[in-house]
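*Asks:* can't give you the sequence, but here's the structure:
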């Protein structure tokens, strides 16, 4: 029986009509066959043909509805003696019904069939509302709004091309192959129109400069962006203030003002602000800075990092001292043992999760425009070292969608990378910048940061353990390919639109090299909420849990299982509800009986992975990223200060541009709790419990998920 239906349309549950696609029936049956293991997937097409025949017989001259078609699927499976498959299909229908009801509670019509958690995040932050606060767009319409707004940048170079590219951009996002940073999803095609996620603002040693930076920060946060600052130019505490004959209060005191202001401003009305505060290790107030977050909730809106040059790390290795220098006078104020300061950094990172390290000389070796100026600060999560007033647009390719039949689809990845680079360059064209200085330097350098998400999922689909030599090689090969193709796409844009204005004299300006449209093309962001929307693992992080309880709606918790793990468990015959509940207690298979060894080896989570593998994966990506890499080195609660120290040294030796560690439990309030630990409320948690917007990375929350 051939699959050639005469029925052309189907009535959906909300009453609207869609084209009748018989392949969707075959796909649903194939999933049920795999879950029951009663037959192979090839039989799905034969069964689907029987279903289509019955639908045509029963709905002559009428349009069938979805529920009736699904009833016929159940009937057909039972008639063919596939009782277990019919049961799996019925359970699937029940789960889809529960998901639809949960989405109704959110007041969102989901036209993309996303997860409940994805719809929760979209409803809370992304979907447009009317004056009374009611959601007025669907996820699909949101993507259409974004695609149309971004594609309008095409017309400046090829009039009339925007309509064609809007369709391309929409498909790219609707298939969840690529998503841009949150401000683009929130603001493209909306009145605000500010599309960049990341900014760096200068802070000079004067009250005028400090409070101008504070005002500029407020405007950026209000528009949905995050800010980074280098406070190293501020004179140290107790230093002379000639104009008033008083004494200075030091950088940390001014950081508290920035932190308080951030508390007051909710970014774009949708999320709170986030900052990166950096201080050079040779600043006289460095100890105060390192210990600034000893008390929890102090500088809660800041990630902080110490900028360490090669000379300091060399002094640490050799056991030497190094000078502290007053930035106002340029004179040495004293000398300290490098190892004492390094050990203090490691101790405080072990205790509080802060500070991280920025290897500032390594950052500037990769600065694409040294003739414009040195880089001194990064965005809140550290993946974008930027010049003063510079901004950058981020986007991530979903690697989980690039794997087919256990192999990487390189041609598909090439197409997605080229289209994504074009999308991000168009964002620069249509962006409404909050300050003229930001517009000028951003357009002069045209930096973009294309990265990846779903790396852990892709490794599983490839059959490669995260903590393995093959895992490191895969990281290198994938990112080398992404960078090469991103540069090729940027070269195409340069021929169409011209090279970035600061190209002459840049690192890109080499004999025989093709001009590029963008000073940088790659960056690895933490992805956060966009990976929840895409339904994939966060950035390049490992899985945080295989099963867990998600706080979705107020008072509502859902037991979620990693979809690939659940599918494999069903296919290999060891799935049981009891097993999933047991896995959800710790999130890992490490101490759970019943799973085959090869599955246990493949499905590792962050605590199953030794710190050195975290660093090696980060370094593998960094070798092929021209900005930086945001990754958290997650450590179990029993990890030692020495584990932190070793991770810092290893990151330096492997040419990472920065590093952040988080030891589980080092903050009282977290966005992820392991089973058997105490929640901030004092309640003992029975299962791994995650907040709605946690997708992996740093469980300490704070500004990690920016």
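*Replies:* Sure, I can see it. Remember, it's a predicted structure, so these values are computed and weren't measured experimentally.
*Asks:* ok, so what distance separates residue 30 from residue 42?
*Replies:* According to C-beta to C-beta, to the nearest Å, residue 30 and residue 42 sit 9 Å apart. Bear in mind the C-beta positions are built from the backbone N, C-alpha and C, glycine included.
*Asks:* Of the two, which one has the most company?
*Replies:* residue 30 (19 against 9; other C-beta atoms under 10 Å).
*Asks:* isn't there a helix covering the more buried one?
*Replies:* Yes - under DSSP: H, G, I helix; E, B strand; the rest coil, residue 30 sits within a helix.
*Asks:* Just the pLDDT at it, thanks.
*Replies:* Listed pLDDT for residue 30 reads 82.
*Asks:* Not counting its neighbours along the chain, what's nearest it?
*Replies:* Nearest residue to residue 30, sequence neighbours excluded (C-beta to C-beta, 6 or more residues apart in numbering): residue 44, at 3.7 Å.
*Asks:* for the one you found, helix, strand, or coil?
*Replies:* Strictly by three-state DSSP, residue 44 counts as helix.
*Asks:* likewise residue 668?
*Replies:* Residue 668 is classified as coil under three-state DSSP.
*Asks:* number of nearby residues for it?
*Replies:* With other C-beta under 10 Å as criterion, residue 668 counts 11.
*Asks:* Would you mind measuring from it to residue 157?
*Replies:* 53 Å.
*Asks:* What of residue 55?
*Replies:* Distance from residue 55 to residue 157, by C-beta to C-beta: 49 Å.
*Asks:* With neighbour numbers in mind, choose between these two.
*Replies:* Higher neighbour count among residue 55 and residue 157: residue 55, with 21 against 13, using other C-beta under 10 Å.
*Asks:* Residue 130: how many residues sit nearby?
*Replies:* 8.
*Asks:* which residues does it contact?
*Replies:* For residue 130, the contacting residues are residue 136, by C-beta atoms under 8 Å, 6 or more residues apart in numbering.
*Asks:* List the backbone torsions phi and psi for it.
*Replies:* phi -90, psi -180 (degrees, to the nearest 10).
*Asks:* The residue nearest to residue 30 - how many residues pack around it?
*Replies:* Residues within reach of residue 44, counting by other C-beta under 10 Å, total 22.
*Asks:* again with residue 616
*Replies:* 18.
*Asks:* Please enumerate the helices of the stretch 201-350 of the chain.
*Replies:* 207-222, 251-264, 286-290, 310-318, 338-352 (DSSP state H, counting those that start in this stretch).
*Asks:* Dump the ones you listed to a markdown table, plus mean neighbour count, mean pLDDT and distance to residue 51.
*Replies:* Shown next, in a markdown table, are those (neighbours: other C-beta atoms under 10 Å; pLDDT from 0 to 100; distance: least, C-beta to C-beta, whole Å):
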| stretch | mean neighbour count | mean pLDDT | distance to residue 51 |
| --- | --- | --- | --- |
| helix 207-222 | 17 | 95 | 54 |
| helix 251-264 | 18 | 94 | 57 |
| helix 286-290 | 21 | 98 | 66 |
| helix 310-318 | 17 | 98 | 66 |
| helix 338-352 | 20 | 97 | 58 |
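*Asks:* Any chance of JSON lines for the ones you listed, columns distance to residue 371?
*Replies:* Shown next, in JSON lines, are the helices of the stretch 201-350 of the chain (distance: least, C-beta to C-beta, whole Å):
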{"stretch": "helix 207-222", "distance to residue 371": "24"}
{"stretch": "helix 251-264", "distance to residue 371": "29"}
{"stretch": "helix 286-290", "distance to residue 371": "30"}
{"stretch": "helix 310-318", "distance to residue 371": "21"}
{"stretch": "helix 338-352", "distance to residue 371": "32"}
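*Asks:* lowest-pLDDT helix or strand in this protein?
*Replies:* strand 266-267 (a mean of 61; mean pLDDT, DSSP states H and E).
*Asks:* Low-confidence stretches in the protein?
*Replies:* The chain contains residues with pLDDT under 70 at 1-5, 39-41, 98-99, 101-106, 245, 266-271, 551-558, 671-686, 692-693, 695-706.
*Asks:* per-domain residue ranges of it.
*Replies:* Domain segmentation of the chain under automatic domain parsing yields 9-106, 198-378.
*Asks:* Quick check: end-to-end length of the longest one?
*Replies:* The one in question is domain 198-378. 9 Å (C-alpha to C-alpha, to the nearest Å).
*Asks:* Between helix 207-222 and the strand or helix carrying residue 393, find me the angle.
*Replies:* Residue 393 is part of strand 391-398, with elements assigned from DSSP states H and E. Calculated by axes from the mean of the first three to the mean of the last three C-alpha atoms, to 10 degrees, strand 391-398 forms an angle of 30 degrees with helix 207-222.
*Asks:* need the next SSE after strand 391-398, C-terminal direction.
*Replies:* Following strand 391-398 toward the C-terminus (DSSP H and E): strand 403-404.
*Asks:* by contact count, what packs against that next one?
*Replies:* The contact analysis (3 or more C-beta pairs under 8 Å, 6 or more residues apart in numbering; DSSP states H and E) places strand 403-404 against helix 455-462.
*Asks:* chain center to the helix it packs on: distance?
*Replies:* 16 Å (C-alpha atoms, centre = their mean, to the nearest Å).
*Asks:* Next, the angle from the helix or strand that that helix is followed by to strand 391-398.
*Replies:* Counting by DSSP H and E, the element after helix 455-462 in chain order, helix or strand, is helix 469-497. Angle of helix 469-497 versus strand 391-398, following the same axes, to 10 degrees, is 130 degrees.
*Asks:* what comes up buried for helix 469-497?
*Replies:* For helix 469-497, burial by neighbour count (16 or more other C-beta atoms under 10 Å) applies to 471-472, 474-476, 478-479, 481-483, 485-494, 497.
*Asks:* Stretch 156-169 now?
*Replies:* For stretch 156-169, by 16+ other C-beta under 10 Å, it's 162, 165-166, 169.
*Asks:* Give me the subset of those lying in helices.
*Replies:* Those of the buried residues of stretch 156-169 mapping onto helices are 162, 165-166, 169, per DSSP state H.
*Asks:* Dump those to CSV, plus distance to residue 325.
*Replies:* Listed next are these as CSV, based on distance: C-beta to C-beta, whole Å:
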residue, distance to residue 325
162, 53
165, 51
166, 53
169, 49
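*Asks:* Out of the residues you listed, which is nearest to residue 290?
*Replies:* residue 169 (44.6 Å; C-beta to C-beta).
*Asks:* Which strand or helix spans the closest residue to that closest one other than its chain neighbours?
*Replies:* Distance criterion C-beta to C-beta, 6+ apart; nearest residue to residue 169, sequence neighbours excluded, is residue 147 at 3.9 Å. Using DSSP H and E, residue 147 maps to helix 139-151.
*Asks:* which of the residues in that helix are buried?
*Replies:* Buried-residue list, helix 139-151, by 16+ other C-beta under 10 Å: 139-140, 142-151.
*Asks:* before we move on, back to that, look up how far residue 523 lies from the residue nearest to residue 169.
*Replies:* 22 Å.
*Asks:* most tightly surrounded among the domains of the chain?
*Replies:* Highest mean neighbour count of the domains of the chain: domain 198-378, a mean of 19 (counted as mean count of other C-beta atoms under 10 Å).
*Asks:* Now do stretch 70-87: everything it contacts.
*Replies:* Around stretch 70-87, the neighbours that count as contacts under C-beta under 8 Å, 6+ apart are 25, 28-29, 32-33, 35-39, 47, 50-51, 54-55, 58, 89-90, 93.
*Asks:* Repeat the analysis, applying 6 Å as the threshold.
*Replies:* Contact partners of stretch 70-87, identified using C-beta atoms under 6 Å, 6 or more residues apart in numbering, comprise 32-33, 36, 38, 50-51, 54-55, 93.
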